[in-house]
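**Q** Structure for this input, please:
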Amino acid sequence: MHVAFLPDVRGFGLVTVLLWLSLLATTALGVALATSAEPAATSALHDRLRLARAAESAVSLAVASLAAQPDWSLVPGHGVASPFTDGAPGVRLVAGLPLDLVTETRQRTCGRPAPCDDASTSVVAPDRPWGVRNPRWQLVVHLPLADLDAVAARACPCYLMAWVADDPADDDGDPARDAPAGVAGHGVLLVRGAAIGGAGALAEAEALVAQPCRRSSLPCGGSRVQSWGPVRYGTP
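**A** Below is the predicted model:
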């Protein structure tokens, strides 16, 4: 799918990443002052905070890409073109460990490394409780944080990923398409971001994103985050 991007999409994404990491630095300083007697525990907490903020930054990059796409009707089944990628999906090395982007996508979609089909994707699981409405995740962001900004990567030398899928709560019964205008869930998509650091450390976040003019019958651009939170497996 060819998509014409707004000229500031990549700049918006980078600004978002830097804002998150700036906020993290302030938070980490307060934690360090409060827990200076336990340096090892404090360091581990800082690492988790950095990874969590990086996962939220991955969500923001996907949201920026969606905002430049005026028509979301086919996005749940085909994804959306994004400037925040480092080539075709495949195997990457993150802190010396292999990361298979295709397998990561399949694991989140149907819980297995083998290709997903409708039957396996529709199985009810603690992290996929919607059955036939379970997300068919489309990978839209995948790149090292260092590709965006080397200074930010020194704070969190991690790899970013983000996926987009249909809103599981919509009423059209088709998880491969956005609900049409006039149907509940029209112009609403689910975005998941992830950051992977050293030793396979992982943090994930999700956001429900809507088009501001979704009640209009005309295509539109932009996006609005309706909800946002961390992903804890077993707690959707």
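**Q** Show me which helix runs longest in this protein.
**A** helix 39-67 (DSSP state H).
**Q** which helices and strands does that helix pack with?
**A** With contacts defined as 3 or more Cβ pairs under 8 Å, 6 or more residues apart in numbering; DSSP states H and E, helix 39-67 has these neighbours: helix 9-34, strand 138-144, strand 159-166, strand 188-196, strand 202-210, strand 224-230. Bear in mind the C-beta positions are built from the backbone N, C-alpha and C, glycine included.
**Q** Now tell me which of those the model trusts least on average.
**A** Among the helices and strands packed on helix 39-67, helix 9-34 carries the lowest mean pLDDT, a mean of 49.
**Q** Just list the residues touching A125, thanks.
**A** G111 (Cβ atoms under 8 Å, 6 or more residues apart in numbering).
**Q** Who is it paired with across the strands?
**A** Here A125 sits in beta bridges with R128, going by DSSP bridges.
**Q** likewise L99?
**A** R92.
**Q** Quick check: it touching I196?
**A** Yes - between L99 and I196 there is a contact under Cβ atoms under 8 Å: 6.2 Å.
**Q** So those two - more neighbours on which side?
**A** Remark: of L99 and I196, I196 carries more neighbours, 24 against 17, as counted by other Cβ atoms under 10 Å.
**Q** Tell me which residues touch the residue lying closest to the more buried one once chain neighbours are set aside, please.
**A** Distances taken as Cβ to Cβ, 6 or more residues apart in numbering place Y159 nearest to I196, at 4.9 Å, with adjacent residues excluded. Counting by Cβ under 8 Å, 6+ apart, Y159 makes contact with 92, 94, 99, 142-145, 195-197.
**Q** Find the least confident helix or strand in the protein, judged by mean pLDDT.
**A** The helix or strand of the chain with the poorest confidence is helix 9-34; it has a mean of 49 (mean pLDDT, DSSP states H and E).
**Q** Nearest the middle, which residue of the protein would you pick?
**A** Centroid-nearest residue in the chain: G193, 2.2 Å away (criterion: Cα atoms, centre = their mean).
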